[in-house]
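**Student:** What shape does this take:
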Amino acid sequence: MIKKRPRRFDRFYIQEPVFYITCCTLDCRPIRELGVAHRAFAHYGERAQERNIAVGRYVLMPDHFHLFLKGDADFMLSRWIGGLKRAMAVELGCRSGELWQPGFFDHVLRSDESYAGKWNYVRENPIRAGLVSSADEWPYQGEIVIIDRV
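**Tutor:** Numbering: from 1, shown residues only. Next up, the predicted model:
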């Protein structure tokens, strides 16, 4: 059973908030084809630009992913993340509810320093997990749009 989650904000008083997002797989099960998931993620992120949504840096791990995302004042975060999860699940041949844990973690960044600090932590996830010896070796990461300020 999932604990009651706090209500998400309807409005932000930041014109274009930058979100730090984490989504986890159901029961921490590994994604069986990370390459397929990565292509689906990148495609969805590239299409987001058409709607003034910027997908910044991201890292896909076997059982979760992190990303930085910037939307305008009318951006619906929950709807966009739900679409991303569905798109990845469809490409992997399953339903979203079979692959992803309900909900996600989000945090609104407040400064450039926060973005840099969080990114440095996130990009080292594959090293901490023992998957690579250098963050640059991990193939399931990238940056679709440069988010240069928070």
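**Student:** Wait, Val59 touches Trp138, no?
**Tutor:** Yes: using CB atoms under 8 Å, Val59 makes contact with Trp138 at a distance of 7.0 Å. Heads up, the C-betas are built off the backbone N, CA and C, glycines and all.
**Student:** shared neighbours, those two?
**Tutor:** Common neighbours of Val59 and Trp138, counting by CB atoms under 8 Å, 6 or more residues apart in numbering, are Arg123, Pro126.
**Student:** Quick check: which ranges of the protein have low pLDDT?
**Tutor:** Per-residue confidence for the chain (pLDDT under 70) gives these ranges: 1-15, 149-150.
**Student:** In it, which residue is most central in space?
**Tutor:** Nearest residue to the geometric centre of the chain (CA atoms, centre = their mean): Leu67, 3.3 Å.
**Student:** Specify the local secondary structure of that one.
**Tutor:** Of the three states, Leu67 takes strand under DSSP: H, G, I helix; E, B strand; the rest coil.
**Student:** what about the closest residue to it other than its chain neighbours, distance to Asp27?
**Tutor:** Spatial nearest neighbour of Leu67, excluding adjacent residues (CB to CB, 6 or more residues apart in numbering): Tyr58 at 3.8 Å. Noted for Tyr58: a distance of 22 Å to Asp27, by CB to CB, to the nearest Å.
**Student:** For Phe41, give me its contacts.
**Tutor:** Phe41 touches Tyr58, Leu60, Phe65, Leu84, Ala87, Met88, counting by CB under 8 Å, 6+ apart.
**Student:** where's it, which helix or strand?
**Tutor:** Secondary structure assignment for Phe41, by DSSP states H and E: helix 34-48.
**Student:** Put the alpha carbons of that helix into CSV.
**Tutor:** Extracted C-alpha coordinates of helix 34-48, given in CSV (Å, rounded to 0.1, in the frame of the first residue of the first chain):
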residue,chain,number,x,y,z
LEU,A,34,17.7,-0.1,-20.9
GLY,A,35,18.7,0.7,-24.5
VAL,A,36,15.1,0.6,-25.7
ALA,A,37,14.0,2.6,-22.6
HIS,A,38,16.7,5.2,-23.3
ARG,A,39,15.6,5.6,-26.9
ALA,A,40,11.9,6.1,-25.8
PHE,A,41,13.0,8.5,-23.1
ALA,A,42,15.1,10.6,-25.5
HIS,A,43,12.4,10.6,-28.2
TYR,A,44,9.7,11.8,-25.6
GLY,A,45,12.1,14.4,-24.3
GLU,A,46,12.9,15.7,-27.8
ARG,A,47,9.2,16.0,-28.7
ALA,A,48,8.6,18.0,-25.5
